[in-house]
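Trainee: sequence? don't have it. structure:
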DNA sequence: CCGGTCATGATAGTCACTACCAACTTGGTA
DNA sequence: TACCAAGTTGGTAGTGACTATCATGACCGG
């Protein structure tokens, strides 16, 4: 089992995975999420239904899978430990958004976001994902949140930051991605915490 | 179809509905949510599975249904229109919590909350319910949110308030309801917006 | 006592999702 | 080259949530 071997397999696997997801998002956008069955997705992608389930545990995952949480957590760890909580978290969110919206498959990201917002089941799962992201943020804050009272305040601050992020994401999706996402996030954070809490205006 | 007539029927209907929900929450807490089927619930409540579906559209609704949103919206409408957004919203949340935790079926409320937090599917739906509550809050704010920029800021502020609320609810459930919920909400809001943003300390 | 309305029940079906098992492809090895 | 081993895929048969449809029974007013 050479490194190159496993790399080749992993690459092929990632390829079919992307094929399946692309077809799925396209079908969901065209016909609607509920009106599209897993069999439809499998057929469109040219694989068996079983294979779809091998790559995506649930139908929701076809739209929602992403681990951008790591991206945010990294930035938080990298930020100066002394600063105020909301500035550290908010800054990390803006930086992560800058990276992601510069990405090549920005359009896929946008399509997935729009599906999330319009489909109740997906929206619910997405909000739960943000909840998980919140836990990651808390973890990235490290020992600062040792005592329960501090932890409680960190929880509250992180969840509020993510709520602002979500507001910005919705607005961005409504605008079809025309507005600058990092700028929107900054505005949402400012609306919550005050204009001076986040940092120099962009 | 006299008023008294329909009232009688409605009362009986509400009765069976409560019976079903009580048994459902008990079974979920005892055996776990996923390990309990709708048939189990129906059998425990002494009705047919169909009847369960008549009263609760989905399995999740057996735990989640509540329309406390109206309660909050009322308080917002009643609050002085001039004040800062987060104070209006935060105050309404605290008042609503004060009413609810004084309620007779506080224990049922607590059991449902603990189920929500521990079961991923329920937690996701609950967060989506909060999203709906957020829309209600925006609506209650009235014409203040006419222009899109103001609306955006109101969205961000409301979602942050509800995020703080959620943090407080989780903490309350973890404490088995021993801590004063309105007090917790106040602390969470203070952690997000600053100690002086909410109002006189409780 | 009759007629309409509402709650309930039973049946059959769709669809997401899960084991379980068989077959094939692929890359490294004797 | 022939073979082995591991990973990937496919088929089958199930469970369980949820829906549509129709039939039945309880109740209240006339």
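Mentor: Cool, the structure landed. Keep in mind it's a predicted model, so treat the numbers as computed, not measured.

Trainee: hey, let's count contacts and neighbours off CA atoms from now on
Mentor: Fine.

Trainee: Mind giving me the packing neighbours of the longest helix belonging to chain A?
Mentor: In chain A, taking DSSP state H as the definition, the longest helix is helix A:3-31. Helices and strands touching helix A:3-31, by 3 or more C-alpha pairs under 8 Å, 6 or more residues apart in numbering or on different chains; DSSP states H and E, are helix A:38-45, helix A:61-64, helix A:106-118.

Trainee: On the C-terminal side of the last one, identify the next helix or strand.
Mentor: The reference is to helix A:106-118. helix A:120-141 (DSSP states H and E).

Trainee: Which elements pack onto the helix or strand just after that next one?
Mentor: Using DSSP H and E, the next helix or strand after helix A:120-141 towards the C-terminus is helix A:148-174. Applying 3+ C-alpha pairs under 8 Å, 6+ apart, one finds that helix A:148-174 contacts helix A:85-101, helix A:106-118, helix A:120-141, helix A:181-193, helix B:148-174, helix B:181-193.

Trainee: Can you convert the helices and strands packed on helix A:3-31 into CSV and add a column each for mean neighbour count, mean pLDDT and distance to residue B:18?
Mentor: As requested, those are exported to CSV (neighbours: other C-alpha atoms under 10 Å in any protein chain shown; pLDDT from 0 to 100; distance: least, C-alpha to C-alpha, whole Å):
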stretch, mean neighbour count, mean pLDDT, distance to residue B:18
helix A:38-45, 18, 97, 36
helix A:61-64, 21, 93, 35
helix A:106-118, 18, 90, 32
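
Trainee: Of all the ones you listed, which one is nearest DNA strand C?
Mentor: helix A:38-45 (4.1 Å; C-alpha to the nearest atom of the strand).

Trainee: how about the closest one, does it reach DNA strand D?
Mentor: No. If you take C-alpha under 7 Å from any atom of the strand as the test, helix A:38-45 misses DNA strand D, and the best it gets is 8.1 Å.

Trainee: any idea how far the residue most central in space within chain A lies from DNA strand D?
Mentor: Nearest residue to the geometric centre of chain A (C-alpha atoms, centre = their mean): residue A:68, 5.1 Å. Going from residue A:68 to DNA strand D by C-alpha to the nearest atom of the strand, to the nearest Å gives 23 Å.

Trainee: Over to residue A:84?
Mentor: On the measure of C-alpha to the nearest atom of the strand, residue A:84 and DNA strand D end up 42 Å apart.
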